[in-house]
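In: one predicted model, sequence on top.
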Amino acid sequence: MKHIFFAAIAALALCVSCQQQAAQPSALDVIMSRYSVRSYTGEKVTEAQLETLLRAGMAAPSGMNQQPWRFVVVNDPETMDAMTPWGADTWKAAGTVIVVCGKTTMGENNDANPLWEADCAAVTENILLAAKAIGLGAVWNACYPFFQDKTREALGLPEDVTPYSIVPVGVEQGSEQPKDKWDPEKIHRNKW
């Protein structure tokens, strides 16, 4: 009788686990339904959510496996104001921004890393997709090459670390919808 009871408990746990997995959106669902969020409730992003976003960012591909990404998580409104002449009100409403930075040198000789920008772009997209997947809103705000000096100064970044993008993340307010960007006229096969 005891074995039947434990078997029933195990089956129930398995069923609950399957239901939780079924509730998770597929990767394609997340990609196709992602959109830029610029309006937030002000509700705080949890440390667990933040770690998920940063882990997703660090899962990005990296040229020559250099992994040049560095992150500055900002939730101080004064620091947000100091980073840019625009955008800080949206960032403050989100409550948290992730500044994706790239180490522009590599190796012991500090040679130039020609791939840091591409790597940081992949990181930024991973963070945006992860935010959507866990129910948060986010938007890619360009930093490099527009106002990286002001952001670098506000964050106290070393000379060989350049801020690439600023991603506010938070609980979405509003009901934005994804745009259908499919355009077959932009596709060429074998030759232009």
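Out: Thanks, I have it.
In: could I get the CA-only coordinates of stretch 41-59 as PDB?
Out: C-alpha atoms of stretch 41-59 as PDB (Å, rounded to 0.1, in the frame of the first residue of the first chain):
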ATOM      1  CA  THR A  41       4.500  49.600 -14.200                       C
ATOM      2  CA  GLY A  42       7.400  50.400 -12.000                       C
ATOM      3  CA  GLU A  43       7.200  47.000 -10.300                       C
ATOM      4  CA  LYS A  44      10.700  45.700  -9.400                       C
ATOM      5  CA  VAL A  45      12.500  43.000 -11.300                       C
ATOM      6  CA  THR A  46      13.500  40.300  -8.900                       C
ATOM      7  CA  GLU A  47      17.100  39.100  -8.500                       C
ATOM      8  CA  ALA A  48      16.100  35.700  -9.800                       C
ATOM      9  CA  GLN A  49      14.600  37.300 -13.000                       C
ATOM     10  CA  LEU A  50      17.700  39.400 -13.400                       C
ATOM     11  CA  GLU A  51      20.000  36.400 -13.000                       C
ATOM     12  CA  THR A  52      17.900  34.600 -15.700                       C
ATOM     13  CA  LEU A  53      18.400  37.500 -18.100                       C
ATOM     14  CA  LEU A  54      22.100  37.700 -17.500                       C
ATOM     15  CA  ARG A  55      22.600  34.000 -17.800                       C
ATOM     16  CA  ALA A  56      20.700  34.100 -21.100                       C
ATOM     17  CA  GLY A  57      22.900  37.000 -22.300                       C
ATOM     18  CA  MET A  58      26.000  35.000 -21.400                       C
ATOM     19  CA  ALA A  59      24.700  32.000 -23.400                       C
END
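In: what about that stretch, distance to the chain center?
Out: Stretch 41-59 has its C-alpha centroid displaced from the chain centroid by 8 Å (Cα atoms, centre = their mean, to the nearest Å).
In: do stretch 141-153 as well
Out: Between the centre of stretch 141-153 and the centre of its chain there are 17 Å (Cα atoms, centre = their mean).
In: now do it: everything it contacts.
Out: For stretch 141-153, contacts defined as Cβ atoms under 8 Å, 6 or more residues apart in numbering pick out 82-85, 87, 99, 117, 120, 157, 161-168. C-beta coordinates here come from the backbone N, C-alpha and C atoms, glycine included.
In: buried residues in it?
Out: For stretch 141-153, a neighbour-count test (16 or more other Cβ atoms under 10 Å) marks 141, 143, 144, 147, 148, 151, 152 as buried.
In: show only the entries of those found in helices.
Out: If you go by DSSP state H, the buried residues of stretch 141-153 have 148, 151, 152 in helices.
In: from these, which is closest to residue 110?
Out: Checking those against residue 110 by Cβ to Cβ gives residue 152 as the nearest, at 17.5 Å.
In: of all the ones in helices among the buried residues of stretch 141-153, which comes closest to residue 77?
Out: Residue 77 has its nearest neighbour among these in residue 151, at 15.2 Å by Cβ to Cβ.
In: and that closest one, how far is that from residue 86?
Out: From residue 151 across to residue 86, the span is 12 Å (Cβ to Cβ, to the nearest Å).
In: noted, bye for now.
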